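Peer 1: Have a look at this prediction, sequence included:
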Amino acid sequence: MRNLSVLLLALAAGLAQGGAPAVAPKAREPIKVAPTPKRTTPATFYVSQSSGKDSWTGQAPTLNGTSGPWKTLARASTDYIPGDRILLKCGDTWNEELHPKGSGTPGNPIIIGSYGNGKKPVIDRQDYRKDLFGIHLVDQEGFKIIGIEFNRCMTGIFGEYSDGCSTKKHIWIEDCYFHDSLLYQHYEDYPRRKIGLGVCFFSHERDNRVVLAHVMIKNCVFRRLASGVWTNSPDNFNKNASYVYNFAHLTFENCLFEEGYQWQLGIRGVAGGAVRNCATHDIGRGFRAFNGVAGAMFFRCKDWVFEDSEWGFISIGKGSGDGEAFDFEGNCDNMTMRNCLFHDTDGPGFLLCCYASDGHPNMGILMENCVLNGKSTRPIGLPRCEILNTTDWNEVTWKKCRFYLSPGEVLMKVMDPEKEKRTRFVDCVVKNLSDACTTPNLAPEATVSASSQEPDREAAKATDRSTATSWKATASADQWLQLNFGKPTAVNEFRIREGASSSINRYVIECWSQRASRWVGCFNGMSIGPEFIAPIVSRNTRKVRLFIVRTASGNPCIAEFEAYNDATRTPRRKNK
C-alpha cells in the first residue's frame, strides 16, 4: 500500500509539472451512434398541460401505448418542418413561451393551432410587467397561428429579424385573442421592451431592406393592451432614417382593438398593406402617455389601403397629448382611405403630422367617402378642429367626404402655413352636427323587432315617435333592437334616445350585408343618454339593428331608435 501511495503521489506531481504518465492509457473506442433520420413527412404534434407528459412522443391527442401529448411548451419548442402542426389542447393554460424551431413555406406553413372542444388554449404569463412572450419567432417564416389566447404577456407574439436577414415570408395570425397587458414606460430604446403589446415584429436591420413580407392578421381581438400591433426597428426615434422599409405587405382584416392605452396600430417602416373592416374603440381612457394618444399611428409607410374601418372614442385620459382618431405621423406616401369613419375624439378628428418625428411630409394621401365627427371635446394646446394639419406641405385630397362640426370647431387648422397649399376638398359636405337627423325619420315605416321585451315595453315603442314610451329588454347583455325596411334603403345618420333608467355603456349599430349574409358593424358606441347622434358612412341595407353589448347595471331601455338618410350635397372645393 505504501509503495502504491508513493507511486500515485509521484504521478500527480509529474502531471502538475506538465509531465506525462509513464504508461499512456489505452485509447477509448468511439461510441458509434446511428444518426437520427431527418423527417421529410409532416406530422401533427399535440400538447396538453392537463393530461400530457414530455416523455411521450407528442404524436397522439390521448395516450396510446407510448404515444400521447406533450405537457409543456418547452418540450414543444423543438424542430419542425413545413406542413407540421402544433396543436394545443382547448381549455388548457400554460405559463411558458413557445419557441418553435424551423420554418414553413407560404404554401406549406407550420400551423400552431388547437384541438379538442371548449375555450381557446391560453398562454398566460401571469405578470405583464415581466419581459415574457407567448410565442417567439427569430428569423423565421411560414407560420400560421390560429385560435390561441394570449393573456398577461408583455408581448403575445414577438417576431424578431436580425441585421442582414434574408427576406422571410408569410406569417398568418387568425382568430387569436390578445388581452390584459397594460405596461407602459418610456420605450425610446426599444427593443428593451417596456410596453405591453399583442403582436410585435421587430427588425434589427438598419438599411432599407425588407426582412419580413406578407403578414396577415385576421379576425383577432386586442383588448386592454398598451398597444395592439407594432412594427418597429432600432430607428424608432431617428429623424434621419426616412424612407426605410423593413417590412412589406401587412394586412389587417376584421379585427377589433378596444380599451387600450396608446396607438392600437403603431406601424412603422412598412411598404404596402391594408386595413379592412377593422374597428378601434375606447382608447386612452384613464391613462397618460408621454408622447400622445391616437387610435392608430402610421409613420414611414407607403402604398396602403384602408377600407370600411372605424376609429372612435379616443381620449386624452389623464392629460396625454393629441387624442385624435388617426395619425399619419410623417413620411407616409400613397395612402388611400375609403369608407372610413372617425368620431368622438378628445383632440382633433384626424392628424396630418410632419416635423414632429420626421422632416418629410405625407404625400399622395387620398381620403374618399370618409366621415369625420371628431367633436374635439377637450384638446390640450391644440385648436378645436376636425383636421389638424401641421403644414401645408402635407399633400392630401378629401373627396366626397362628410364632416360634422360641433360648436366651436373649424374644419381644418394649419399650424405651420406654407405658400404652396397641398390640401384639396372635392365634393365634400360640411355641416353642423346639430343639423343631423333633420330629414324624414325612416324608423316608423320599418318593421321593428327585438331579442326580448318586457310586458308593455315591446319593440314597437322604440319607433312610435314618443319618448314617453320605450322598449326594454329582459336581459342586460347581448340584446338587440332591429329595423327592417323591407327593401334596400340608404342610411347615414342615427339618433338614439335612451330611457332614463337605462345605463348602456357598450353598443354597436349594425347593418345587414346582403352580399356577405351577415351583420356588419358601422358604429361602435359607449354611453347614449337622453340623445346621441351617430353619423356613419352611408350604407344601402334592408335592415339595421342596435346591438347592446352590456350595461353598467340593469336591462337596456330605448325610448327611440331613429334612422335617417341625409342626401345633401354641398360641394366644398376651396382650401381653408
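Peer 2: Yep, that arrived.
Peer 1: What ranges does this protein have for its helices?
Peer 2: 2-16, 73-76 (DSSP state H).
Peer 1: Which elements pack onto the shortest one?
Peer 2: By that I understand helix 73-76. strand 44-47 (3 or more C-beta pairs under 8 Å, 6 or more residues apart in numbering; DSSP states H and E). From N, CA and C alone the C-beta is placed, and that goes for glycine too.
Peer 1: what packs against the strand it packs on?
Peer 2: Using 3+ C-beta pairs under 8 Å, 6+ apart: strand 44-47 touches helix 73-76, strand 85-89.
Peer 1: How far off centre is the last one?
Peer 2: Same thing as strand 85-89. 24 Å (C-alpha atoms, centre = their mean, to the nearest Å).
Peer 1: That one - which strands sit beside it in the sheet, and in what orientation?
Peer 2: strand 44-47 (parallel), strand 110-115 (parallel) (DSSP bridges).
Peer 1: I'd like to know which of those strands is closest to Val414.
Peer 2: strand 110-115 (48.3 Å; C-beta to C-beta).
Peer 1: quick one: contacts for Asp84?
Peer 2: Pro42, Ala43, Thr44, Phe45, Gly102, Gly104, Ile110, Ile111 (C-beta atoms under 8 Å, 6 or more residues apart in numbering).
Peer 1: Adding mean pLDDT, write the helices and strands packed on strand 44-47 out as TSV.
Peer 2: TSV is the format used below for the helices and strands packed on strand 44-47 (pLDDT from 0 to 100):
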stretch	mean pLDDT
helix 73-76	98
strand 85-89	98
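Peer 1: Check those for me and report the most buried one.
Peer 2: Using mean count of other C-beta atoms under 10 Å, the stretch among these with the largest mean neighbour count is strand 85-89, at a mean of 24.
Peer 1: Give me the contact list for it.
Peer 2: So strand 85-89 is contacted by 42-52, 61, 69, 76, 80, 94, 98, 100, 110-116, 121, 148 (C-beta under 8 Å, 6+ apart).
Peer 1: distance of Arg152 from Thr93?
Peer 2: 11 Å (C-beta to C-beta, to the nearest Å).
Peer 1: So for the two, which sits in the more crowded spot?
Peer 2: The neighbour comparison of Arg152 against Thr93 (other C-beta atoms under 10 Å) goes to Arg152, with 24 against 17.
Peer 1: and stretch 191-211, which residues are buried?
Peer 2: The neighbour-count check on stretch 191-211 (16 or more other C-beta atoms under 10 Å) flags 191, 193-205, 209-211 as buried.
Peer 1: Check stretch 301-315 too.
Peer 2: Result for stretch 301-315 [16+ other C-beta under 10 Å]: buried residues 301-315.
Peer 1: again with stretch 132-145
Peer 2: So stretch 132-145, judged by 16+ other C-beta under 10 Å, has buried residues 132-137, 139-145.
Peer 1: measure Cys332 to Phe326 for me?
Peer 2: From Cys332 to Phe326 the distance is 11 Å (C-beta to C-beta).
Peer 1: Which residues are in contact with Pro444?
Peer 2: Thr463, Asp464, Arg465.
Peer 1: before we move on, what about Val270?
Peer 2: Thr231, Tyr245, Phe247, Ala248, Leu250, Cys301, Trp304.
Peer 1: who touches the first one in this structure?
Peer 2: Under the criterion of C-beta under 8 Å, 6+ apart, the contact partners of Thr231 comprise Cys200, Phe201, Phe202, Ser203, Asn246, Phe247, Leu250, Gly266, Ile267, Arg268, Gly269, Val270.
Peer 1: cool, and the fourth one?
Peer 2: Residues near Ala248 by C-beta under 8 Å, 6+ apart: Val210, Leu212, Ala213, His214, Val270, Ala271, Gly272.
Peer 1: same thing but 7 Å
Peer 2: Val210, Ala213, Val270, Ala271, Gly272 (C-beta atoms under 7 Å, 6 or more residues apart in numbering).
Peer 1: Excluding chain neighbours, give the residue nearest to the fourth one in space.
Peer 2: In this case it means Ala271. Tyr245 (4.0 Å; C-beta to C-beta, 6 or more residues apart in numbering).
Peer 1: Enumerate every residue touching the one you found.
Peer 2: Asn208, Val210, Gly269, Val270, Ala271.
Peer 1: The residues you listed in strands, which ones?
Peer 2: Val270, Ala271 (DSSP state E).
Peer 1: Farthest-apart pair in the contacts of Tyr245, please.
Peer 2: Across the contacts of Tyr245 (C-beta to C-beta), the longest gap, 12.6 Å, separates Asn208 and Val270.
Peer 1: Cys332 touches His360, doesn't it?
Peer 2: No. The criterion here is C-beta atoms under 7 Å, and Cys332 misses it with His360 at 9.1 Å.
Peer 1: who touches both of those two?
Peer 2: Common neighbours of Cys332 and His360 (C-beta under 7 Å, 6+ apart) do not exist.
Peer 1: ok, the two, which is more surrounded?
Peer 2: Cys332 (27 against 17).
Peer 1: Let me see the contact set for the residue lying closest to the more buried one once chain neighbours are set aside.
Peer 2: In space, and not counting its chain neighbours, Cys332 is closest to Asn362: 4.5 Å by C-beta to C-beta, 6+ apart. Neighbouring residues of Asn362 by C-beta under 7 Å, 6+ apart: Phe328, Gly330, Cys332, Asp333, Leu352, Cys354, Asn394, Glu395.
Peer 1: how about a cut-off of 6 Å?
Peer 2: Neighbouring residues of Asn362 by C-beta atoms under 6 Å, 6 or more residues apart in numbering: Phe328, Cys332, Leu352, Asn394.
Peer 1: cool, and Asn339?
Peer 2: Per C-beta under 6 Å, 6+ apart, neighbours of Asn339: Glu307, Asp308, Asn369, Val537.
Peer 1: In strands only, show me those.
Peer 2: Per DSSP E, these map to strands at Glu307, Val537.
Peer 1: quick one: which of the contacts of Asn339 is nearest to Lys400?
Peer 2: Asn369 (4.9 Å).
Peer 1: With Asn339 as the reference, measure out to that closest one.
Peer 2: For Asn369 relative to Asn339 (C-beta to C-beta), the value is 5 Å.
Peer 1: repeat for Lys400
Peer 2: For Lys400 relative to Asn339 (C-beta to C-beta), the value is 10 Å.
Peer 1: How about Leu87?
Peer 2: In terms of C-beta to C-beta, Leu87 sits 38 Å off from Asn339.
Peer 1: how about low-confidence regions in this protein?
Peer 2: Along the chain, segments meeting pLDDT under 70 span 1-37, 236-237, 239, 355-357, 570-576.
Peer 1: thought Ser451 was touching Gln479?
Peer 2: Yes. Ser451 is in contact with Gln479 according to C-beta atoms under 6 Å; the separation is 4.7 Å.
Peer 1: higher neighbour count, those two?
Peer 2: Gln479 (25 against 17).
Peer 1: pretty sure the more buried one is touching Ala473, no?
Peer 2: Yes. Counting by C-beta under 6 Å, Ala473 is a contact partner of Gln479 at 4.0 Å.
Peer 1: before we move on, back to that, out of the contacts of Asn339, which comes closest to Ala552?
Peer 2: For these, the nearest to Ala552 is Val537 (28.8 Å; C-beta to C-beta).
Peer 1: mind listing what the closest one touches?
Peer 2: Going by C-beta under 6 Å, 6+ apart, Val537 touches Asn339, Leu341, Val371.
Peer 1: how many neighbours does Trp94 have?
Peer 2: Counted with other C-beta under 10 Å, the neighbours of Trp94 add up to 22.
Peer 1: what's the first-to-last distance across stretch 504-524?
Peer 2: With C-alpha to C-alpha, to the nearest Å applied, stretch 504-524 spans 12 Å between its terminal residues.
Peer 1: Cool, thanks, talk later.
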